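Engineer: Sharing a model prediction with you, sequence too.
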Amino acid sequence: MRRWKFIWIAITGIVLLSGRAGILAHSSEAETTREILALTYPEGRTISVRFGGTARLPRSSGEAKVERKKGATEIEIELDEMKPASFFAGDYNTYVLWVVSPEGHVDNTGEFILAGNRSKLNVSTPLETFGMFISAEPHFLVASPSRFVVVENTRPTEEVRPLKVSVLEYRGYEGVYQFERESLEDLEEVKGEVRPHIGAARAAVSLAERARAEEFAQTELEKAREALLRAEVAAETGVTGKDLMLYAHDVIRLAVDAEKLAKERAFQEALSEERRANARQIADLERAAQEADSNAGRARLEAEQRQLDAEMEVKARQRAQQEAEEARQRAQQAMADKRQAEEEKQEVEQEKRRAERQAADSRSRLQTALKQVAEVRESARGLIVNIPDVLFEFDSAELKPEGREKLAKISGVMVIAKGYTLKVEGHTDSVGTDHYNLELSRARAESVRDYLLEQSVHSEAISVEAFGESRPIASNQIAAGREKNRRVEIVVVEEPDFAAMLNHATQ
């Protein structure tokens, strides 16, 4: 068995990726020959066969009970230590069981739905001799196995005689699908049922789009897209798992039909182009065959016609595959670009939230520090520090000693604060003329500004504005209200261009 595993690994060429997650890997579509261990099951006996994991899922295991009776073989498989196929990311969503015939034909016999790290499946096959393996796939309706084989059958659990053991060759597809990981070895298992249905439906539509269904099967693709939208809405409304599976399977069937039709139409278009390019040669051969004067000559010319037809079909298929590959590469690049843009957006959002948290913390610390030395209140404009009238000489802009002492403490706080500007605003009560009150409020605001500058608060961070009696905060009809209105306020404002600061910080 070790020799067979070595052959399989050599053929499929497993290489574990070490690049950062999020980079989608992909290679051109190609068929590859693989090998699988096969058993010939005797009639009327139940044989237990073990399954072992590959490098993609090395800890996985399983056991199948196989019984052949009345011309059919019943297979009951139970898997353990599995992990969701969606962990491979990209196009992968589910696991499919494949049965390989002695002629090398592969048959998709069923889909595994994981319940935590386990899954069961009961299927049947008309074959007597066959091999079995399980691969990760985009959806349950794939026609050919991907190279992401995760579990394969080994020998029976006990010696059974007579039991014929052989090695079969089959063909699978290499590098068709996008992915992020080659192995799930280092990832944790999950608990609960894992339903891949919506992911598989999206992958089926994506594969149809990459097969150029937008160009060659637009009507069918639109039906699949509409069905996908219904399935996504159903998933959001919390339908039962069974109903969601039915919705998704409808999407997958429509998308697979669109994909097949697009591929066939793309091939027919490429074949028509080949025929137009070889129109003269085709016409010459047809005319020569009609004019041939012997059966041998006519047979030779008809053979040349068939050879030319075969060559044109090969070239047409190659051209269609090449154009489909280019479409896949464009889709891959678009997905990679989208992923990168999302990552960059997330990084910016994270940096923005970090900056906002820092700003909130800074604002809270500043407010706490200012409250220890002055009256402070919050407003939509910022923190407002109140310098009351009693800190000035009567009817004057000259600061009293206790006023200078309070401003010195405020200055000490603001000198070390970062990212703020100060707006010093002067206010009076309604006693006196408007002009006199305006000038007094301006003089007091400037007096506060000048003292702050003396205390090394940066000049570019301070502006002055006078309002006189125009913005009272209390009634001027009573003495207590007029006392509150006679004030100088220092408005502490965060830097206005926060976005510019954030962009600068993230560059």
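Structural biologist: Looks like it arrived, so ask away.

Engineer: Verify the contact between residue 472 and residue 429 for me.
Structural biologist: Yes: using C-beta atoms under 8 Å, residue 472 makes contact with residue 429 at a distance of 7.3 Å. Where C-beta positions appear, they are placed from N, C-alpha and C, glycine not excepted.

Engineer: Can you list the low-confidence ranges for the stretch 51-200 of the chain?
Structural biologist: When residues are selected by pLDDT under 70, those of the stretch 51-200 of the chain lie in 157, 159-162.

Engineer: Which residue ranges of it form helices?
Structural biologist: 197-210 (DSSP state H, counting those that start in this stretch).

Engineer: all strands for it, in order.
Structural biologist: In the stretch 51-200 of the chain, the strands defined using DSSP state E, counting those that start in this stretch lie at 61-69, 72-80, 94-100, 106-112, 114-115, 119-125, 129-137, 149-156, 164-174, 193-194.

Engineer: want to throw these into CSV with mean neighbour count and distance to residue 54?
Structural biologist: Output for these, formatted as CSV (neighbours: other C-beta atoms under 10 Å; distance: least, C-beta to C-beta, whole Å):
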stretch, mean neighbour count, distance to residue 54
strand 61-69, 18, 11
strand 72-80, 18, 13
strand 94-100, 25, 12
strand 106-112, 19, 15
strand 114-115, 17, 17
strand 119-125, 16, 17
strand 129-137, 25, 9
strand 149-156, 21, 6
strand 164-174, 16, 13
strand 193-194, 16, 20
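
Engineer: Columns distance to residue 451 on top of the ones you listed, output as JSON lines?
Structural biologist: Putting the strands of the stretch 51-200 of the chain into JSON lines (distance: least, C-beta to C-beta, whole Å) gives the following:
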{"stretch": "strand 61-69", "distance to residue 451": "80"}
{"stretch": "strand 72-80", "distance to residue 451": "78"}
{"stretch": "strand 94-100", "distance to residue 451": "74"}
{"stretch": "strand 106-112", "distance to residue 451": "78"}
{"stretch": "strand 114-115", "distance to residue 451": "73"}
{"stretch": "strand 119-125", "distance to residue 451": "78"}
{"stretch": "strand 129-137", "distance to residue 451": "73"}
{"stretch": "strand 149-156", "distance to residue 451": "76"}
{"stretch": "strand 164-174", "distance to residue 451": "79"}
{"stretch": "strand 193-194", "distance to residue 451": "69"}
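
Engineer: count of neighbours near residue 59?
Structural biologist: Residues near residue 59, counting by other C-beta atoms under 10 Å, number 14.

Engineer: any residues in contact with both of residue 472 and residue 429?
Structural biologist: Taking C-beta atoms under 8 Å, 6 or more residues apart in numbering as the criterion, residue 472 and residue 429 both touch 481, 485.

Engineer: So for those two, which sits in the more crowded spot?
Structural biologist: Using other C-beta under 10 Å, the more surrounded residue of residue 472 and residue 429 is residue 429, with 21 against 17.

Engineer: Isn't that one up against residue 478?
Structural biologist: No: if you go by C-beta under 8 Å, residue 429 and residue 478 don't touch, sitting 10.5 Å apart.

Engineer: can you map out the helices along the stretch 251-400 of the chain?
Structural biologist: Using DSSP H, counting those that start in this stretch, the helices of the stretch 251-400 of the chain run over residues 279-291, 295-371.

Engineer: now the angle between helix 295-371 and the first one, please.
Structural biologist: By that I understand helix 279-291. Interaxial angle of helix 279-291 relative to helix 295-371 (axes from the mean of the first three to the mean of the last three C-alpha atoms, to 10 degrees): 160 degrees.

Engineer: pretty sure residue 145 is touching residue 97, no?
Structural biologist: No: counting by C-beta under 8 Å, residue 145 stays clear of residue 97, with 10.0 Å between them.

Engineer: Overlap in contacts, these two.
Structural biologist: Counting by C-beta under 8 Å, 6+ apart, the residues touching both residue 145 and residue 97 are 108, 133.

Engineer: residue ranges with poor pLDDT in this protein?
Structural biologist: Residues of the chain meeting the criterion pLDDT under 70: 1-30, 157, 159-162, 496-507.

Engineer: mind running it again at 80?
Structural biologist: Within the chain, the segments meeting pLDDT under 80 span 1-31, 155, 157-163, 173-176, 327-328, 331-332, 335, 418, 459-460, 495-507.

Engineer: out of the helices of the stretch 251-400 of the chain, nearest to residue 205?
Structural biologist: Closest of the helices of the stretch 251-400 of the chain to residue 205 is helix 295-371, at 11.6 Å (criterion: C-beta to C-beta).

Engineer: Measure how far the closest one is from the centre of its chain, please.
Structural biologist: Here helix 295-371 is found 12 Å from its chain centre; the criterion is C-alpha atoms, centre = their mean, to the nearest Å.

Engineer: same for that helix, what does it pack against?
Structural biologist: helix 197-210, helix 241-277, helix 279-291, strand 375-379, strand 382-388, helix 401-416, strand 487-494, helix 498-506 (3 or more C-beta pairs under 8 Å, 6 or more residues apart in numbering; DSSP states H and E).
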